[in-house]
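**Q** next come a sequence and a model predicted from it.
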Amino acid sequence: MNATIALILLQDGLTSGLIYGLLALSILLVFLVTRVLWVPAGDFLVLGALTLAVLRQGEVPGTVWILAGLAAVTAIVETWRAWRAGDWRGWPRLIALVVVPSAAAVLATLWLAPQNAPVPVAILLVLALVTPIGFLTYRLVFRPMVDQPTLTLMFVAVAVHYVLTGLGLTAFGSESFRSPPFLPGRLDVGFTRLSYQLLIVLAVSAALMAALGLFFGRTLWGKALRATAMQRFGARLVGIRTESMGALAFTIAALIGAVSGVLIGPMTALYYDSGFLVSLKGFVGTVMAGMASFPLSVLGALLVGLVETGASFYASPFKEAIVFGLLVPFLLWRSAVQIRTRGKGHE
């Protein structure tokens, strides 16, 4: 390997690592706030990428019908729950949250997609179509199970992943999709050339992470999310509606997944079932951070991206095994630390 190849691999590793880092943020956010292991994180990435690819072909994406169907089912289920409980106080506001954003996104897409909308408009349509699916998934599936054990929630999350995969097959078929690049080519920078796609991924990822940091640190909703993540019962005692925080966490996670899909779409061809493997790589970064730290999760995901790129160059058939093998030394280290800590406690 010479310096030129090393720099190209470094760029590819950073690009992939940043995508995995965004997914790691969504996985960790949902887990800390709701105790749900966010297995479908990659499915939202795939929905975002495939939706953008179809929109850039001047066609209406199947995501329109997925969103419309989920909104209709959620509205019916919420109406039935209100009727069964005999409590209609929050029903109008809830139905408005379920129906209005979804209907607006569907109608805007049906109008603009055949007109071959410009790239910025297509990206906004992707975000408008995919993000509400996270909120609807929470209201329809996870909200009634907030007090269930973590293992039960994990099994339900796996089931949701398979449902979304099936919906993706129905909406997009079994063919792969790849979006045209936003800015083709590379930028000459001294001794190397940087791909425009890397610069776009770097800029968008940094902006999104900075926005999330400001949201968590400066806004009331962000502080409520942090309080719920730190101590769910304590958050309830001070008047925070933890169910609303769960819905917000799922919505933000869906938004992050949609943005990740927009970024990765021009980089690789994706199928309807490509999300699970991508989720696992984001999960590896999260586990390496101890499922507790957002910055460390991003660093762990960057390491995953770099190792994956290097492994694909030196040992391509074994790259997945090498990536997931990163967990072994970390888990051994964590086990040793916990045993040592328990031993000191008994002393």
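**A** Perfect, I can see it now. Residues are numbered from 1 along each chain as shown.
**Q** contacting residues around residue 57?
**A** By C-beta atoms under 8 Å, 6 or more residues apart in numbering, the contact set of residue 57 is empty. For every residue, glycine as well, the C-beta is placed using N, CA and C.
**Q** for residue 58, that is, sorry about that
**A** Per C-beta under 8 Å, 6+ apart, neighbours of residue 58: 113, 114, 115, 116.
**Q** strands - which of these land there?
**A** Here DSSP state E is the test, and the contacts of residue 58 give no hits in strands at all.
**Q** among those, which one has the most neighbours?
**A** The most neighbours of any of those, using other C-beta atoms under 10 Å, belong to residue 113, which has 22 neighbours.
**Q** so which helix or strand takes in residue 169?
**A** helix 150-172 (DSSP states H and E).
**Q** and stretch 56-74, what's buried?
**A** Using 16 or more other C-beta atoms under 10 Å as the test for burial, stretch 56-74 gives 56, 60, 61, 62, 63, 64, 66, 67, 68, 70, 71, 74.
**Q** related to what we said a few turns ago, neighbouring contacts of the helix holding residue 169?
**A** Residues contacting helix 150-172 (C-beta under 8 Å, 6+ apart): 34-40, 43-44, 46-47, 50, 54, 61-63, 65-66, 137, 141-142, 145, 148, 272-273, 275-276, 279.
**Q** isn't residue 234 right up against residue 227?
**A** Yes - Residue 234 is within contact range of residue 227, at 7.2 Å (criterion: C-beta atoms under 8 Å).
**Q** neighbour-wise, which of the two wins?
**A** Taking neighbours as other C-beta under 10 Å, residue 234 and residue 227 compare with residue 227 leading, 18 against 11.
**Q** once you drop chain neighbours, what's closest to the more buried one?
**A** Spatial nearest neighbour of residue 227, excluding adjacent residues (C-beta to C-beta, 6 or more residues apart in numbering): residue 235 at 4.5 Å.
**Q** then residue 261?
**A** Leaving aside its chain neighbours, residue 261 sits nearest to residue 48 (2.4 Å; criterion: C-beta to C-beta, 6+ apart).
**Q** what's the angle from the helix or strand hosting the one you found to helix 150-172?
**A** Assigned by DSSP H and E, residue 48 falls within helix 41-55. Computed by axes from the mean of the first three to the mean of the last three C-alpha atoms, to 10 degrees, the angle separating helix 41-55 from helix 150-172 equals 10 degrees.
**Q** for whichever helix or strand comes after helix 41-55, name the packing helices and strands.
**A** The helix or strand immediately downstream of helix 41-55 is helix 63-85, counting by DSSP H and E. When contacts are defined as 3 or more C-beta pairs under 8 Å, 6 or more residues apart in numbering; DSSP states H and E, helix 63-85 packs onto helix 41-55, helix 91-112, helix 119-137, helix 150-172.
**Q** quick check: mean pLDDT of helix 63-85?
**A** Mean per-residue pLDDT for helix 63-85: 93.
**Q** return the distance of it from the chain's centre.
**A** Averaging C-alpha positions (C-alpha atoms, centre = their mean, to the nearest Å) puts helix 63-85 23 Å from its chain's average.
**Q** hmm, who's touching that helix?
**A** Contacts of helix 63-85 (C-beta under 8 Å, 6+ apart): 47, 50-51, 88, 91, 94-95, 98-99, 102-103, 105-106, 109-110, 129-130, 132-133, 136-137, 139-140, 167, 171.
**Q** now do the contacts for residue 263.
**A** 18, 19, 22, 200, 201, 204, 205.
**Q** the fourth one: helix or strand, and which one exactly?
**A** Right, the one you point to is residue 200. Here residue 200 sits within helix 196-218, counting by DSSP H and E.
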